[in-house]
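Engineer: Just a sequence and a predicted model for now, questions to come.
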Amino acid sequence: MVDAPQPDAAATARFRAVMLPHLDAAYGFARWLTRDPVQAQDVAQEAMLRALKYFHAFRGEEARPWLLRIVRNTWTDLRTQKGANDQPLDVVEDRAAEGPDPEASALAHDRRRQVAAALAALPAESREILVLREIEDLSYKHIASVLDLPVGTVMSRLARAREKLAVELRGRLGRSVHGLPDV
C-alpha cells in the first residue's frame, strides 16, 4: 500500500482556504452521527487529517460534500474499530432565539429542542440523510455523493426519513404537528 504524499506548503495553504470554511459543517455532521460532542470532535479532527493527507486527490469538486463524505467514512471506520455504539443523545445542543419577546424566545427554544430530540431518536440512516438535507442544506446530488448512493435512493430515503420524523414529533408533542403530513 502506497502512502499519500505529504502536502507541501502550497497544498497546505490551499487546503486551509478550501476546507477550513467547512470545519463547522464537518463537526456538526459528526455531532449528529456520533450523538456525542467529544466523540464528534475526534471524528471531525480525524476527518480533517484524512482530508489533508488525501487533499492531492481533491479535483476541485465541491469541497463541503467531499469533506462530509470523509467525515462519514471516518465515523464508519471508527465505529467498526470500536464496535457499534449507538448511544442515546444525552445533550441536545440548543440555541435560544434572540429577540425582544422572552415568551417567543422560550417557545422557539422549546420547538428546536423537541425537533432536535426527535431527530436524535431516529435511526442513524434516517438521521444522517435529514441532517445532510435539512441542516447542511445539501442537494440530492451532493447527498448521493456523500452517502455513495443513487439520487433516486436518496430521494426515497429522505421521504421515509421525513415521515419517521413527523411520527416521532407527533408522539413527542401528543398532538397534530402543523405542516407535517399525516402518516
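Structural biologist: Thanks, I have the structure now.
Engineer: Just name whatever secondary elements the top helix by length along the chain is in contact with.
Structural biologist: For the chain, the helix that runs over the most residues, judged by DSSP state H, is helix 151-173. Applying 3 or more C-beta pairs under 8 Å, 6 or more residues apart in numbering; DSSP states H and E, one finds that helix 151-173 contacts helix 102-121, helix 124-130, helix 140-147. Every C-beta, even on glycine, is put in place using the N, C-alpha and C of the backbone.
Engineer: Check which residues of that helix are buried.
Structural biologist: For helix 151-173, burial by neighbour count (16 or more other C-beta atoms under 10 Å) applies to 154-155, 157-158, 161-162, 164-170.
Engineer: separation between the spatially most central residue of the chain and Pro102?
Structural biologist: Closest to where the C-alpha atoms of the chain average out (C-alpha atoms, centre = their mean) is Phe29, at 2.5 Å. In this view, Phe29 and Pro102 are 32 Å apart by C-beta to C-beta, to the nearest Å.
Engineer: Kindly report the same for Tyr27.
Structural biologist: Distance, Tyr27 to Pro102, using C-beta to C-beta: 30 Å.
Engineer: Need the contact partners of the helix or strand hosting the residue nearest to the centre of the chain.
Structural biologist: Under the criterion of DSSP states H and E, Phe29 resides in helix 23-34. The contact list for helix 23-34 (C-beta atoms under 8 Å, 6 or more residues apart in numbering) reads 37, 39-41, 43-44, 47-48, 64, 67-68, 71-72, 74-75, 93, 119-120, 124, 127-128, 131-132, 135-136.
Engineer: Show me those residues that map onto helices.
Structural biologist: Judged by DSSP H, the contacts of helix 23-34 include 37, 39-41, 43-44, 47-48, 64, 67-68, 71-72, 74-75, 119-120, 124, 127-128 as members of helices.
Engineer: Mind checking which of those are buried?
Structural biologist: 39-40, 43-44, 47-48, 64, 67-68, 71-72, 74-75, 119-120, 127-128.
Engineer: What residues of the helix or strand of the chain with the lowest mean pLDDT count as buried?
Structural biologist: Lowest by mean pLDDT, DSSP states H and E among the helices and strands of the chain is helix 102-121, with a mean of 81. Buried residues in helix 102-121, counting neighbours by 16+ other C-beta under 10 Å, are found at 108, 112, 114-121.
Engineer: Which elements pack onto that helix?
Structural biologist: Using 3+ C-beta pairs under 8 Å, 6+ apart, helix 102-121 sits against helix 124-130, helix 151-173.
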